[in-house]
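# what's the 3D shape of this:
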Amino acid sequence: MLIAKGWRRNKSAKNTTNTFTIRPLSIKSTGIDWCENNFKEHRPNNTQFFCLVLRMVEKGDFILIELEGKGQEGSVFDSTKGEVAKKLHGKEGPLLVVFGMDKLISGIYDALKGMKKGEEKDVHLSIEEAFGHRKKDMLKIMSNAEFKKHNVNPEPGLVVHVDTDTGRLYGTVKSVNAGRVMVDFNHPIAGQEVDYHLKLNEIYTEKDEKIRALIDYLGLEGDFSLKDDGELTVNLKKKDDKEYELHKAMLLMTLRSKIPGIKKVDLKEE
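From the prediction side, this is the model:
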């Protein structure tokens, strides 16, 4: 949603310090041109209008966010900085999120919904708004042989992941006994109220902005061209490693599923 605000500045001939009063005149509009054109014809003498468009996050926007999450005891369990960021997200730095399409806990989603670029916010989330209550059915018994197939030696405290039809689940090994491994797939902070500090660094709304942001975020090198008919050509610098292949797959999946208007993707490697 675009909010156009017209500011009315009243100058006084008697006031040599050039102070002024401001009255916000707020209306929903399609942009700053609408605001300026409509207010201009109604401008009284000796006043000036200043129009400002405030862009808030909408579904489908690509956003860059910084965050830090703390549990009830004050320990940091999620962050975009330091060792916690490297462990959870693979690197330090803001996260690129497709708002309303990527999975976010409800409390963070609601907090971001009304934010604007550059805004910071502290939010306290209830158990329901955060990671929910602990559930017994998230404790799973798995065969030790399943771990051996993947050359993994299960031991208490080991964090593992399982790929399912609904996405990747992370769990913590709780016990190993007689060839049976108990894994807890509850979130480590499930059952706790949490506090988050959020910062919205950037909002990408146009297709070309989203594509560029995605390529850069995934650490890929290359350029692209997008035609009016929705045909996208991406040229990448090929690298011979598993991370490159993984990020290339993520790029293609996101381009095809999360940017409306892209009809065809032609990926070329050099």
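# partner residues bridging residue 195?
For residue 195, the beta-bridge partners under DSSP bridges are residue 70, residue 124.
# my guess is it contacts residue 122, does it?
Yes - between residue 195 and residue 122 a contact is recorded at 6.9 Å, counting by CB atoms under 8 Å. Yep, even glycine has a C-beta here, placed from its N, CA and C like the rest.
# got the domain boundaries for the protein?
Structural domains annotated on the chain: 2-55, 58-133+191-205, 136-184, 206-270, as defined by automatic domain parsing.
# just to revisit the earlier point, ok, residue 195 and residue 122, which is more surrounded?
Between residue 195 and residue 122, counting by other CB atoms under 10 Å, residue 195 is the more crowded of the two (15 against 10).
# please report how far the more buried one lies from residue 75.
Here the criterion is CB to CB, to the nearest Å. By it, residue 195 lies 11 Å from residue 75.
# could you do residue 82 as well?
13 Å.
# assign residue 238 to helix, strand or coil.
At residue 238 the chain is in coil, as set by DSSP: H, G, I helix; E, B strand; the rest coil.
# tell me the contacts of it?
Contact analysis of residue 238 by CB atoms under 8 Å, 6 or more residues apart in numbering lists 244, 269-270.
# kindly give the local confidence score, pLDDT, for it.
Residue 238 is assigned 95 on the pLDDT scale.
# residue 254: helix or strand, and which one exactly?
According to DSSP states H and E, residue 254 maps onto helix 242-258.
# pLDDT of that helix, averaged?
The model assigns helix 242-258 a mean pLDDT of 94.
# equivalent analysis for stretch 145-158, please.
Stretch 145-158 comes out with an average pLDDT of 89.
# buried ones in it?
Neighbour-count burial for stretch 145-158, counted by 16 or more other CB atoms under 10 Å, picks out 147, 154, 158.
# the residue lying closest to residue 142 once chain neighbours are set aside pairs with what?
Distances taken as CB to CB, 6 or more residues apart in numbering put residue 181 closest to residue 142, at 4.8 Å, once the chain neighbours are dropped. Residue 181 has these beta-bridge partners by DSSP bridges: residue 142, residue 176.
# okay, now residue 102: neighbour count?
Counted with other CB under 10 Å, residues neighbouring residue 102 total 14.
# where's it relative to residue 147, distance?
Relative to residue 147, and taking CB to CB, residue 102 is found at 29 Å.
# now, which of the buried residues of stretch 145-158 sits nearest residue 170?
Ranked by distance to residue 170 (CB to CB), the buried residues of stretch 145-158 are led by residue 158 at 11.2 Å.
# so what's the closest one up against?
If you count contacts by CB under 8 Å, 6+ apart, then residue 158 has 152, 172-173 around it.
# turn those into a markdown table, columns for secondary structure and distance to residue 218.
Shown next, in a markdown table, are the contacts of residue 158 (DSSP: H, G, I helix; E, B strand; the rest coil; distance: CB to CB, whole Å):
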| residue | secondary structure | distance to residue 218 |
| --- | --- | --- |
| 152 | coil | 27 |
| 172 | strand | 28 |
| 173 | strand | 30 |
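# and the helices in this protein?
Counting by DSSP state H, the chain has helices at residues 32-40, 82-89, 106-113, 144-149, 207-217, 242-258.
# how about these in CSV, adding distance to residue 64?
CSV is the format used below for the helices of the chain (distance: least, CB to CB, whole Å):
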stretch, distance to residue 64
helix 32-40, 23
helix 82-89, 13
helix 106-113, 11
helix 144-149, 37
helix 207-217, 7
helix 242-258, 15
